[in-house]
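Novice: With the input below, show me the fold.
(one chain, ligands or ions: 1)
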Amino acid sequence: MSNRLETLCAEKGLKMTGQRRILCRVLAESDDHPDIMEIHRRSLEEDPKISVATVYRTMKLFEDVGVVQRHEFGDGRARYEELEETHHDHLIDLTSGKVIEFVNDEIERLQHEIAEKLGYKIQFHRLELYGVPLSEAEKRADADKYAGADKEQAKA
Ligand SMILES: [Zn+2]
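Specialist: Sure thing, here's the model as predicted:
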C-alpha cells in the first residue's frame, strides 16, 4: 500500500527503492517533527540494514524535490515533516523541545495585510514561537486577565 508521500515522490520522478518507501512510511506515520537519528531509529524497525547515511541522503533528496520540509528550531538539529497541503505554524517548548502545531486565522490575515501594505503577495511564510510553559500561578493570572478583557469588551 502506498501513502501520499510515496505517490508524491513517484510524481516527482524519484525511483522508489525499498528503503525510500520505508522512509516515506516513517515520515507519513510521524505526527511529531523527528530529526535524522529519530527517523533512523524508527526505520530500523522495518529494515535493520538502513544506515544513518541513507536516511540523511534521502531526507536531503526529499527536501530538494519539495515533498518534505526541514525545520531548525534553534537547537541546531534539523527536523523533518511531510510537506502538507494545509499550512500550520509551530510553537517550540524550550524546556522539553516539544513542538506544537497551530493555525491562527488572525495571524494569517495580518501577515497578508502587512505584505500587501509593503507591496507584496506572500508566497509562503514560517512562524516559530519559542516559549517555556506557564507556571500554575501565571496560568491563573492569565485566566483573570482574559476574563477581565471580556468584561471590558462587553461594556464597550
Ligand atoms: Zn509541523
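Novice: all strands of this protein, in order?
Specialist: 68-72, 78-82, 89-93, 99-102, 128-131 (DSSP state E).
Novice: right, and those - which one's nearest E108?
Specialist: Proximity to E108, assessed across these by Cβ to Cβ, is greatest for strand 89-93 (8.8 Å). Where C-beta positions appear, they are placed from N, C-alpha and C, glycine not excepted.
Novice: what comes up buried for the closest one?
Specialist: Applying a neighbour-count criterion of 16 or more other Cβ atoms under 10 Å, one finds D89, H90, I92 buried in strand 89-93.
Novice: can you tell me how far the last one sits from K98?
Specialist: So the one you mean is I92. For I92, the distance to K98 equals 8 Å [Cβ to Cβ, to the nearest Å].
Novice: And the protein, what are its domain boundaries?
Specialist: 1-85, 86-156 (automatic domain parsing).
Novice: List the single closest residue to D32 in space, sequence neighbours excluded.
Specialist: Distances taken as Cβ to Cβ, 6 or more residues apart in numbering put V99 closest to D32, at 6.6 Å, once the chain neighbours are dropped.
Novice: What of E6?
Specialist: E6 sits nearest to C24 (Cβ to Cβ, 6+ apart), 4.5 Å away.
Novice: Now do the same for the one you found: its pLDDT.
Specialist: For C24, the model assigns a pLDDT of 94.
Novice: Enumerate the residues of this protein near the ion.
Specialist: Residues of the chain lying close to the ion by Cβ under 5 Å from the ion are E81, E101.
Novice: Flag the shaky bits of the chain, pLDDT-wise.
Specialist: Scanning the chain for pLDDT under 70 picks out 1-2, 148-156.
Novice: The same query, at a cut-off of 50, please.
Specialist: By pLDDT under 50, the low-scoring segments of the chain are 155-156.
Novice: can you pull out the helices in it?
Specialist: With DSSP state H, the ranges of helices along the chain come out as 4-11, 18-29, 36-44, 52-65, 105-117, 136-155.
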